[in-house]
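S.K.: no sequence for this one, just the structure:
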């Protein structure tokens, strides 16, 4: 568990990894970064699911309206390719036989049927929905200016990253393909939600965070 009156700073995430939600579930205060410049190959526009063939990254194509200096809140989503259809098909193929897919899929499907212009808004709305479905109520405020360091806060903007190993120990739970694959930790939060359902909240809240 986190220390008393803990505060964290996080970037946005598309169906963020389970570790991301462990922090959201346990921190007292959360600052959501909306003034940083967008960086590619992060969880800001991708999530990681488990398929019958192993791990698969689902990536949202984006448009950086100001090139490399585009702030995350100004990044637009590209709909020139059918990423929504492809992502939803992959999610259905992976999780339609999970214990709680039918309970939650109708809450997520609309995000794959309508076009939302802003990546920041899509991430924010999906996070709100996921938190509601899990039953957690993180106290989230937006950053008002970009800062390289936040005194008194745990800065997780770059440490929660697809190419970096999480320092969290994730207890195994039964996944869809557990009969043929070893447990894969820290996948997208939807893996936990579809497999554990109402028990996802307890799972997140009971993980001990050694460093914060």
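M.R.: Structure's in. What do you need? Note that this is a predicted model, so its numbers are computed, not measured.
S.K.: residues in contact with the lengthiest helix in the chain: which ones?
M.R.: In terms of residue count, the longest helix belonging to the chain (DSSP state H) is helix 119-134. Helix 119-134 has contacts (Cβ atoms under 8 Å, 6 or more residues apart in numbering) with 12-16, 21, 24-25, 32, 34, 38, 44-45, 60, 62, 72-73, 75-77, 104, 107-108, 111, 116, 137-138, 189-190, 193, 200-201, 204. All C-beta spots, glycine's among them, are computed from the backbone N, C-alpha and C.
S.K.: just the buried ones from those residues?
M.R.: 12-16, 21, 24-25, 32, 34, 38, 44-45, 60, 62, 72-73, 75, 77, 104, 108, 111, 116, 138, 189-190, 193, 200-201, 204 (16 or more other Cβ atoms under 10 Å).
S.K.: returning to what we had before: after the longest helix of the chain, next one along is what?
M.R.: Downstream of helix 119-134, the first helix or strand assigned by DSSP states H and E is strand 140-142.
S.K.: among the contacts of helix 119-134, which are located in strands?
M.R.: 32, 62, 76, 77 (DSSP state E).
S.K.: closest one of the residues you listed to residue 151?
M.R.: Using Cβ to Cβ, residue 32 comes nearest to residue 151 of those, at 17.9 Å.
S.K.: which residues touch the closest one?
M.R.: Per Cβ under 8 Å, 6+ apart, neighbours of residue 32: 10, 11, 12, 124, 140, 141, 142, 143.
S.K.: 10 Å instead?
M.R.: 8-13, 24, 72, 120, 123-124, 127, 138, 140-143, 157 (Cβ atoms under 10 Å, 6 or more residues apart in numbering).
S.K.: likewise for residue 25?
M.R.: Contacts of residue 25 (Cβ under 10 Å, 6+ apart): 2, 131, 134-138, 200-207.
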